[in-house]
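S.K.: predicted model, plus sequence, below.
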Amino acid sequence: MSYICPICSAPLVKQQNAWQCEQRHQFDCAKEGYVNLLPVQKKKTKDPGDNKEMMFARREFLNQGFYQPLSDKVNQLAFEYAPDANKILDIGCGEGYYSHRLFEALQSVTQSHCELFGVDISKSAIRYAAKRYSDLHFCVASAFEMPLADNSFDLAIRIYAPSKIEELQRVIKPGGILITVSPGPTHHYALKQKIYSEPKLHPQGPLVLDGFTYLAHEALSYSLSLTHADDIDHFLNMTPYAWKLSDSQKSQIIEQGLECEIDFKIEIHQREQETIRSLI
């Protein structure tokens, strides 16, 4: 296993229903199967990450397949750039939607055993993910300080999740692949027009990461048409724009329906090989 102690960084070993390190720091497995590796002293708030309402909204929206084209594209790129990956990491995995679909796709195409680990700071999201996708490994942890061993992963995906570059360099193997997804220029532009008097496009420049070679990028865009009240409500409540819309604005959007641009920027990075210097 790839877990390390979030307190002393020693390897964790599973003993019955708990993970324990040589210093006897112990972390119990929840009944759903995940492990909480975010110690109280490292929390900035009582319940960090997305709350239950945002988690539920995103879960219901994703389950309707509105972002399946993104999932399919990420899976396709994983086949293309990391066909032999057997240790995979989803950084900021949320409810496990992209994690599970990637795992299932890789298993069906390669016919070989692989392990997928999901990390998210939201306990609510991880609880749901672990309960629904019992064949994956999920833990509650910060993407800025991941309790994962060095050089563990052949492939990592990071969809919208912030993280620390030093942690990406540490946990991804030299030569390993990282696929990142961020908003393309016109992503959700129609919604931004309803909020801002002068809405701005998202940045268009490439995401260059220290310690990684920038291999390629893909643009994925399409029009999202929502007519059902529940779908619109879930869409609004899963985005950060929910806080900027008044109740009357939300009601008006739900009544009128929503046509909105979906625009994703998908980028592929490869962890640079470490230079080995011989001692003289």
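M.R.: Yes, it's here. Numbers count the residues shown, from 1 in each chain.

S.K.: can you map out the strands along the stretch 51-200 of the chain?
M.R.: 87-91, 115-120, 137-140, 153-159, 172-183 (DSSP state E, counting those that start in this stretch).

S.K.: which residues pair with residue 263 across the strands?
M.R.: residue 221 (DSSP bridges).

S.K.: for it, what are its contacts?
M.R.: 183, 184, 185, 186, 187, 189, 202, 219, 220, 221 (CB atoms under 8 Å, 6 or more residues apart in numbering). Using the backbone N, CA and C atoms, a C-beta is placed for each residue, glycine as well.

S.K.: re the thing from before, would you turn the strands of the stretch 51-200 of the chain into JSON lines with distance to residue 18 and mean pLDDT?
M.R.: Shown next, in JSON lines, are the strands of the stretch 51-200 of the chain (distance: least, CB to CB, whole Å; pLDDT from 0 to 100):
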{"stretch": "strand 87-91", "distance to residue 18": "23", "mean pLDDT": "97"}
{"stretch": "strand 115-120", "distance to residue 18": "18", "mean pLDDT": "97"}
{"stretch": "strand 137-140", "distance to residue 18": "13", "mean pLDDT": "97"}
{"stretch": "strand 153-159", "distance to residue 18": "24", "mean pLDDT": "97"}
{"stretch": "strand 172-183", "distance to residue 18": "28", "mean pLDDT": "97"}
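
S.K.: any chance of the ones you listed in TSV, plus distance to residue 24 and mean neighbour count?
M.R.: Shown next, in TSV, are the strands of the stretch 51-200 of the chain (distance: least, CB to CB, whole Å; neighbours: other CB atoms under 10 Å):
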stretch	distance to residue 24	mean neighbour count
strand 87-91	27	25
strand 115-120	24	26
strand 137-140	19	25
strand 153-159	27	24
strand 172-183	30	20
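
S.K.: quick one: which of those is nearest residue 63?
M.R.: Among these, strand 153-159 comes nearest to residue 63, with 16.0 Å by CB to CB.

S.K.: and residue 40, what pLDDT?
M.R.: On pLDDT, residue 40 comes in at 80.

S.K.: same question for the one 10 residues further on.
M.R.: With respect to pLDDT, residue 50 scores 74.

S.K.: same question, residue 239
M.R.: With respect to pLDDT, residue 239 scores 84.

S.K.: what's the answer for residue 202, then?
M.R.: 90.

S.K.: could I get the contacts of residue 263 as CSV with distance to residue 126?
M.R.: Listed next are the contacts of residue 263 as CSV, based on distance: CB to CB, whole Å:
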residue, distance to residue 126
183, 24
184, 28
185, 32
186, 32
187, 26
189, 32
202, 28
219, 31
220, 27
221, 31
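
S.K.: among those, which ones are buried?
M.R.: If you count burial by 16 or more other CB atoms under 10 Å, the buried members of those come out as 183, 184, 186, 187, 189, 220.

S.K.: quick one: low-confidence parts of this protein?
M.R.: The chain contains residues with pLDDT under 70 at 1, 42-49, 110-112, 275-280.

S.K.: please redo it, this time with the cut-off set to 50
M.R.: 275-280 (pLDDT under 50).

S.K.: which stretches in this protein count as helices?
M.R.: Applying DSSP state H to the chain gives helices spanning 52-63, 68-81, 97-110, 123-132, 165-171, 189-195, 229-238, 247-256.

S.K.: please work out which of those is packed deepest.
M.R.: helix 123-132 (a mean of 22; mean count of other CB atoms under 10 Å).

S.K.: what residues does that one touch?
M.R.: By CB under 8 Å, 6+ apart, helix 123-132 touches 30, 32-34, 36, 47, 49-52, 55, 59, 93-96, 99-100, 118, 120, 136, 138-140.

S.K.: residue 94 contacts residue 120, doesn't it?
M.R.: Yes: at 5.7 Å, residue 94 counts as touching residue 120 under the criterion of CB atoms under 8 Å.

S.K.: now do residue 148 against residue 167, distance only.
M.R.: Per CB to CB, to the nearest Å, residue 148 is found 8 Å from residue 167.

S.K.: do residue 158 as well
M.R.: Taking CB to CB, one finds residue 158 at 11 Å from residue 167.

S.K.: go on, residue 208?
M.R.: Residue 208 is 17 Å from residue 167, by CB to CB.

S.K.: can you check residue 104 too?
M.R.: For residue 104, the distance to residue 167 (CB to CB) stands at 27 Å.
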